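**Student:** Predicted model, plus sequence, below.
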Amino acid sequence: MAILSIIACRMLEDELAYVLSRDTDLHEMIVVDNRECLGLLRKLRMQGCIPRMLPLDRISKILEDEKKQLLPEILNSFFKIHFFEKQHQKVTVIVNVLKRGLHADNDLLKSEVYKNIKEMSGFSDGILIFYGTCGHSLKNLENEFKGCTFYFLKDNRGETVEDCISVALGGNDEYARTLMNCKDVGTIFLTPMWASGWKEIFHENSFSSSAVDKDDLKRYGRAAKINIGLSFDPDFTDNVRRFADFFNMKIIELHGSLKIADQSYKDSKKGVVKK
């Protein structure tokens, strides 16, 4: 049985809930019990998906104990080759959601992600980093954790996506094209998670270390509502309107995509099974 761990930005909570709730072939889903997981849990439960909750510091011991209990059953069934192969290919997914807004400070983002990799790598066959490059703060992961197999959110060219907006739009090329199309008027891109938390995010960042500060926002003319086809947040439209009204922006709508999250998740599952 393979174990895939996911270290995820809360800004990608919707995409994560989507791919996890659609996966009916898991051995088990475990969500790390912390304050940041509450939104993900609510969305999973909306889809009828009830994961097990465990504190991060207990997961390794619990997995080891369960493996010992399962071993006699596997050995007794070994002569049934088809049964053994089918059970062996099942995947346990362990999801650890980190605080949104970490991307505003590259050093803090790197520190938090690295800390959680160190805690999870010991029981993981691979770790899916559910982040973009985010200022390239995570670019040396594979060099700094040589014994750990990593998977990333990649577009159809095999490039790790820039950030959560690139994920929502379908990849770096589509992101670049969209930016070019919007170059005449400054545009802020809003996913449901951005729209629901912009006051919190900017308050925490005090605007000073964010990619766009408070004065810059006043010079932007458009708020782009990215529809990725999910309905987890019924207040999405209202949240975008409040943001646009606050900064006196015009609202435009863009069609998004879930293909980056979906394909990257599937690829990481295949990777840990093959490993």
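**Tutor:** That came through fine.

**Student:** Let me see the mean pLDDT of stretch 8-15.
**Tutor:** The average pLDDT within stretch 8-15 is 96.

**Student:** ditto for stretch 53-66
**Tutor:** The average pLDDT for stretch 53-66 rounds to 94.

**Student:** cool, stretch 250-269 as well?
**Tutor:** Stretch 250-269 shows a mean pLDDT of 97.

**Student:** and the residue lying closest to residue 47 once chain neighbours are set aside, how far is that from residue 96?
**Tutor:** Spatial nearest neighbour of residue 47, chain neighbours left out: residue 21 (3.6 Å); criterion: CB to CB, 6 or more residues apart in numbering. Glycine gets a C-beta too; all of them are placed from N, C-alpha and C. Applying CB to CB, to the nearest Å, the value for residue 21 to residue 96 is 17 Å.

**Student:** Would you mind telling me which of those two has more residues around it?
**Tutor:** residue 96 (24 against 17; other CB atoms under 10 Å).

**Student:** hang on, isn't the more buried one packed against residue 117?
**Tutor:** No: counting by CB atoms under 8 Å, residue 96 stays clear of residue 117, with 9.7 Å between them.

**Student:** Where does the prediction get shaky in this protein?
**Tutor:** 70-88, 201-216, 218 (pLDDT under 70).

**Student:** redo that, cut-off 80
**Tutor:** Regions of the chain meeting the criterion pLDDT under 80 cover residues 70-89, 101, 103-104, 199-219, 275.

**Student:** how about the strands in it?
**Tutor:** Here the chain has its strands, by DSSP state E, at 2-9, 26-32, 52-54, 91-98, 126-130, 150-152, 187-190, 222-227, 250-255.
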